[in-house]
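> Build me a structure from this.
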Amino acid sequence: MRMWRILALYGLLLTVYWAAFGEEAEPYPRVTQEAFEARRPFFAYDKDIPLDGRVVLEKQGDHSTRWKLVFRGVQGFLVPGYLEIPENASKPYPLVVLLHGWSGGKEDWWQEGNYINGSEMRTALLEAGYAVLAFDAAAHGERSHEIDYLHVNAYDDPAAPPRRNYFSIPEIVIQTVKDCRRALDYLEERGDIDMGRVAALGYSMGGVNTMLLLALEPRIKMGVACVPPWYNAAWTPVEPVDYTWGILDKPLLMLMGRKDGFYTEAAIEASTKAYLNPGSTQVIWYDSDHQLTSVYVADAVEYVKRHL
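The predicted structure follows:
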């Protein structure tokens with residue numbers, strides 16, 4: 001987590017600055033609408049590339065069916081993921097795409113009591129009648145072969161020797177957005193998902209991806225972004241604040257920690273007020289840092305039930 005610690009320290013310094021010198025926080029700076037529109041091609045992809053989507057494993061649970069599936073990403077790699085369907089739901093299924101954080105993986109959503117309470121979130125969504133999809137971001141999880149089977153944070157070490165297939169945070173975010181769009185293409189081909197009822201729910205880097213997908217992908221109808229770092233100049237061109245131009249009236253819930261070092265409460269509130277529609281945006285604050293308590297699960301699921 002070396003890179004995340006550095007970024008968190010940067011955010012903490014901003015917090016101290018505003019506490020000492022800022023009477024009222026200004027919103028985070030964002031690019032012009034023209035600059036936002038100019039970034040759309042970064043996330044485009046060739047739809048003629050074969051998806052090669054298929055199920056490779058099926059597992060029957062007590063109250064659901066889970067398929068392990070693969071599809072081909074735009075870089076040519078096969079992207080592994082899980083699609084889980086609740087037993088009492090009927091086709092076509094409403095879907096929530098679960099997006100993991102930096103150095104995590106799709107498995108996070110099947111593990112109980114972990115950093116993001118992933119299994120609790122997935123289970124609650126299934127019990128509410130939603131199908132869930134999760135896949136590994138570039139260089140994460142089963143896709144570690146893309147960085148020679150090393151942990152993704154190995155590249156944060158300046159002493160590490162040069163290696164091929166280096167991925168920076170912006171590159172991974174861009175690739176994940178493209179992969180999610182490809183995943184939706186595959187699910188659309190399957191025909192068992194209600195493509196008019198698709199949401200994105202992500203944690204940390206996954207929250208960043210959620211905001212970008214909400215702005216860029218028409219099939220994503222609403223989003224729940226958990227502790228997304230809104231602004232860091234080192235992340236250009238994927239800073240979430242710049243993509244508020246594209247969110248418009250789509251429902252967005254942000255679940256944030258008051259003690260999180262990646263942002264300040266005052267700057268988030270000022271940015272939300274300045275850039276997002278108050279009628280379709282909600283922010284819930286918790287007395288926590290970047291790791292939210294399990295209470296956030298119920299808040300997220302309730303929001304999904306109201307808007308999807």
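
> Can you classify the residue nearest the centre of the chain by secondary structure?
Nearest to the centroid of the C-alpha atoms of the chain, with distances taken as CA atoms, centre = their mean, sits Gly206, at 2.2 Å. With DSSP: H, G, I helix; E, B strand; the rest coil as the basis, the three-state label of Gly206 is helix.

> Distance of Ala266 relative to Val31?
Shown here: Ala266 relative to Val31, a distance of 22 Å by CB to CB, to the nearest Å. All C-beta atoms are positioned from the backbone trio N, CA, C, and that covers glycine.

> ok, now Tyr303?
In this view, Tyr303 and Val31 are 28 Å apart by CB to CB.

> What of Ile268?
Look at Ile268 and Val31: by CB to CB, they are 18 Å apart.

> which of those two has more neighbours?
Per other CB atoms under 10 Å, whichever of Ile268 and Val31 has more neighbours is Ile268, with 24 against 17.

> Okay, strands next: where are they in the protein?
In the chain, strands defined by DSSP state E lie at 54-60, 64-72, 78-86, 93-99, 131-135, 193-203, 222-226, 252-257, 281-286, listed in chain order.

> closest to Glu171 out of those strands?
Ranking these by proximity to Glu171 (CB to CB) places strand 78-86 first, at 15.3 Å.

> what are the ranges of the helices in the stretch 101-250 of the chain?
If DSSP state H, counting those that start in this stretch is used as the criterion, the helices of the stretch 101-250 of the chain fall at 118-127, 169-190, 205-216, 244-247.

> Any idea which of these gets closest to Val74?
Per CB to CB, nearest to Val74 of the helices of the stretch 101-250 of the chain: helix 169-190, 5.1 Å.

> can you give me the angle the closest one makes with strand 54-60?
Per axes from the mean of the first three to the mean of the last three CA atoms, to 10 degrees, the angle that helix 169-190 makes with strand 54-60 is 80 degrees.

> which helices and strands does helix 169-190 pack with?
Secondary-structure packing of helix 169-190 (3 or more CB pairs under 8 Å, 6 or more residues apart in numbering; DSSP states H and E): strand 64-72, strand 78-86, strand 93-99, strand 131-135, strand 193-203, helix 205-216.

> Can you add mean pLDDT and distance to Thr176 and give the ones you listed back as CSV?
What follows is these, written out as CSV (pLDDT from 0 to 100; distance: least, CB to CB, whole Å):
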stretch, mean pLDDT, distance to Thr176
strand 64-72, 97, 14
strand 78-86, 97, 10
strand 93-99, 98, 7
strand 131-135, 98, 9
strand 193-203, 98, 9
helix 205-216, 98, 5
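
> Alright, I will stop here.
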